[in-house]
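In: One predicted model, sequence on top.
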Amino acid sequence: MGTVSPHCTTDLVLRAARGKHRASDVARALLDPAPMLDALRAELDAGAYHYCPEFGPDRPEQPPSPPFPRGAWEGCRAQETPTNLPPPHRGGGLGWGQLSRDLGQECYRPGVGRAFWIREPKRRRIFALPFRDRVVQHLLIDATLPALERWYAPQSYACRVGKGSHRCLRRAIELARAKRFVLRVDVRKFFPSIDHAILRALLAPRTPPAWRWLRDVFLDAPIECERVAWHFPGDDLFTPLARPHGLPIGSLTSQIWANAYLTPIDHLLGSKLGLGTFVRYCDDLLVFDDDAGRLRDALAAIEARAHALRLRLHPEKTRLHRTSDRVGFLGFVLQRRGDGVSVRLRSENPRRFRLRMKSARALFQAGAIEVEELTARVRAWLAHARHGHTRTLCARELARLVL
């Protein structure tokens, strides 16, 4: 059997992980290289392995050599924006050896990302990290997620294996069928409002000591996000400016930490108020019960806890409904009718789909995309839409698609 010499271990691990070109694969390879090494030993035995010097430690940066998987390279380049591509896709080396040393010496610093605005479904500022920093974030989250999972309430569905938005929706439908009233809670400007000192205190007992410095690196890094200036009891005029706050939308740590930030409200509802009939997806919360007065008391308790977290509830979206009313949640509208629940897409969703298909059709006719990509876009929307009662809507939208 072929053996792996120490000088090319990094190359073997990273070549295997780079085959899929995902930050999570590279992160897993760095944490547990054994499966990758076993696969590549078989490559050595077959005489099919060729050393790639640009992946090795302390090698000069240069364009990829022939053994680099060109198909995966082109596929990754087609899917990523130029500023987010790993360096070899722009003609340079990955620098994994330097990254390993930076992490070992605790002197790693994130690179410069890019910020841009999206306007659908609403205006948001998104922050895209370089590929190298996404790999490090996966390392950090892989080390801290087990403790966070033990802390999470089972009614929390965002960014969790085996959960997700559609399972959250199905659970909300079950509760809407069984209960008379629903309290809808929405946090105003949630990501820009997250207070760093409170978040650090929540994460401290759930972050291994060896990883806390890296958590602080990402938490304290300069970010470009929307600014808010909420005042709370005890604040002076400059407190909102003096307290660091805000997480950039778009990074892995922001998603996980934002979900963790509202976990105290989950435990307030489930443990202290005895209201386990709720679902939460990030900052969207539905609490169900047959007693409207109990839900009003719960709203007062939620608002007090939100203020303790330096958050404000949205004054228009936070309100008490009957389950027989139309209640928006996760892009759908729920309404109990007799013993069943009607589940419809929000009205703007088909409109946005038609606009996207208009652009995709123009690209297809110009030869910019293949029919397979166009079909995949249609199937993705159908897979989402069919979680509601949308058979007629889907048939009508498909009939509109004339190429």
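Out: Okay, I see it.

In: where in this protein is pLDDT low?
Out: For the chain, applying pLDDT under 70 flags the ranges 1-96, 120-121, 224, 402-403.

In: Would you mark the buried spots in stretch 300-318?
Out: Across stretch 300-318, burial judged by 16 or more other CB atoms under 10 Å covers 302, 305-306, 309-313, 318. Every C-beta, even on glycine, is put in place using the N, C-alpha and C of the backbone.

In: how much space between residue 299 and residue 237?
Out: Residue 299 sits 29 Å away from residue 237, going by CB to CB, to the nearest Å.

In: The two - which one has more neighbours?
Out: residue 299 (18 against 8; other CB atoms under 10 Å).

In: Greatest separation within the buried residues of stretch 300-318: which pair is it?
Out: Farthest apart among the buried residues of stretch 300-318 by CB to CB are 310 and 318. That separation is 16.7 Å.

In: returning to what we had before: mind putting the buried residues of stretch 300-318 into JSON lines with distance to residue 270 and secondary structure?
Out: Shown next, in JSON lines, are these (distance: CB to CB, whole Å; DSSP: H, G, I helix; E, B strand; the rest coil):
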{"residue": "302", "distance to residue 270": "12", "secondary structure": "helix"}
{"residue": "305", "distance to residue 270": "13", "secondary structure": "helix"}
{"residue": "306", "distance to residue 270": "16", "secondary structure": "helix"}
{"residue": "309", "distance to residue 270": "17", "secondary structure": "coil"}
{"residue": "310", "distance to residue 270": "22", "secondary structure": "coil"}
{"residue": "311", "distance to residue 270": "19", "secondary structure": "coil"}
{"residue": "312", "distance to residue 270": "23", "secondary structure": "coil"}
{"residue": "313", "distance to residue 270": "19", "secondary structure": "strand"}
{"residue": "318", "distance to residue 270": "19", "secondary structure": "coil"}
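
In: just how off-centre is stretch 368-376 within its chain?
Out: Remark: stretch 368-376 is offset 25 Å from the chain centroid, using CA atoms, centre = their mean, to the nearest Å.

In: how about the CA coordinates for that stretch, as PDB?
Out: Extracted in PDB, the C-alpha atoms of stretch 368-376 (Å, rounded to 0.1, in the frame of the first residue of the first chain):
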ATOM      1  CA  ALA A 368     -26.100  32.600 -21.700                       C
ATOM      2  CA  ILE A 369     -27.600  29.700 -19.700                       C
ATOM      3  CA  GLU A 370     -28.500  26.100 -20.600                       C
ATOM      4  CA  VAL A 371     -31.900  24.500 -20.400                       C
ATOM      5  CA  GLU A 372     -30.800  22.500 -17.400                       C
ATOM      6  CA  GLU A 373     -30.100  25.600 -15.400                       C
ATOM      7  CA  LEU A 374     -33.500  27.100 -16.400                       C
ATOM      8  CA  THR A 375     -35.200  23.900 -15.400                       C
ATOM      9  CA  ALA A 376     -33.500  23.800 -12.100                       C
END
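
In: residues in contact with the closest residue in space to residue 303 that isn't next to it in sequence?
Out: Of all residues not flanking residue 303 in the chain, residue 313 sits nearest, at 5.7 Å (CB to CB, 6 or more residues apart in numbering). Taking CB atoms under 8 Å, 6 or more residues apart in numbering as the criterion, residue 313 is in contact with 185-188, 302-303, 306.

In: Please report how far residue 313 lies from residue 327.
Out: Look at residue 313 and residue 327: by CB to CB, they are 16 Å apart.

In: for residue 124, same thing?
Out: 23 Å.

In: Of these two, which one has the most company?
Out: residue 327 (19 against 16).

In: Could you give the bridge partners of the more buried one?
Out: Beta-bridge pairing for residue 327 (DSSP bridges): residue 334.

In: so what's it up against?
Out: Taking CB under 8 Å, 6+ apart, one finds 176, 182, 184, 286, 321, 333-335 in contact with residue 327.

In: Check the gap between it and residue 162 for me.
Out: 25 Å.

In: Ok, residue 364 next?
Out: Counting by CB to CB, the gap from residue 364 to residue 162 is 36 Å.

In: Looking at those two, which is more packed in?
Out: The residue with more neighbours, out of residue 364 and residue 162, is residue 364; 16 against 6, by other CB under 10 Å.

In: For the one helix or strand the more buried one maps to, list every residue counted as buried.
Out: Residue 364 belongs to helix 348-365 when assigned by DSSP states H and E. Neighbour-count burial for helix 348-365, with 16+ other CB under 10 Å as criterion, is recorded at 349-350, 353, 357, 360, 364.

In: same question, stretch 363-372
Out: Per 16+ other CB under 10 Å, stretch 363-372 contains these buried residues: 364, 369.

In: Then stretch 183-190?
Out: Residues 183-190 are the ones in stretch 183-190 that count as buried (16+ other CB under 10 Å).
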